[in-house]
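Peer 1: just to be clear, the model below is a prediction. Sequence and coordinates:
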Amino acid sequence: MKKYVVVMFALLILTPYFICTALFAKDVVVYTSVDQIFSEPILKTYEKKTGIKVKAVYDVEAAKTTGIVNRLIAEKKKTQM
């Protein structure tokens, strides 16, 4: 049950982002702290429905959210639009 709640929460958070990027992009990078086993099926479904290639960047268990946040900060000046 807990895993289902996490996946649904991630989907709820990511959906508006996916909708916005779908209007402008042919591919998108998604940074996620949700375990790959749970987020990958959602991202694959998104790719199939929209035709937009998703490049997922997962964090590692040892660094969890801190690692992904540090990577986002490091890459903030490399945005691509």
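Peer 2: Nice, I can see it.

Peer 1: show me where the protein has strands.
Peer 2: 27-32, 53-58 (DSSP state E).

Peer 1: for the first one, buried residues please.
Peer 2: Taking 16 or more other C-beta atoms under 10 Å as the neighbour-count basis, strand 27-32 is seen to contain the buried residues 28, 30, 32. C-beta coordinates here come from the backbone N, C-alpha and C atoms, glycine included.

Peer 1: cool, and stretch 30-42?
Peer 2: Those buried within stretch 30-42 under the rule 16+ other C-beta under 10 Å are 30, 32, 34, 35, 39, 42.

Peer 1: and stretch 41-52, by the same measure?
Peer 2: Neighbour-count burial for stretch 41-52 [16+ other C-beta under 10 Å]: 42, 43, 46, 50, 52.

Peer 1: shaky segments in this structure?
Peer 2: 1-15, 17-25, 60-65, 79-81 (pLDDT under 70).

Peer 1: residue 57 bridge partners, please.
Peer 2: residue 31 (DSSP bridges).

Peer 1: ok, it - contacts?
Peer 2: If a contact means C-beta atoms under 8 Å, 6 or more residues apart in numbering, then residue 57 has 29, 30, 31, 32, 68, 71 as its contacts.

Peer 1: as CSV, the buried residues of stretch 41-52 with distance to residue 16 would be great.
Peer 2: Below are the buried residues of stretch 41-52 laid out as CSV (distance: C-beta to C-beta, whole Å):
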residue, distance to residue 16
42, 14
43, 15
46, 13
50, 14
52, 15
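
Peer 1: nearest to residue 59, of those residues?
Peer 2: residue 43 (14.9 Å; C-beta to C-beta).
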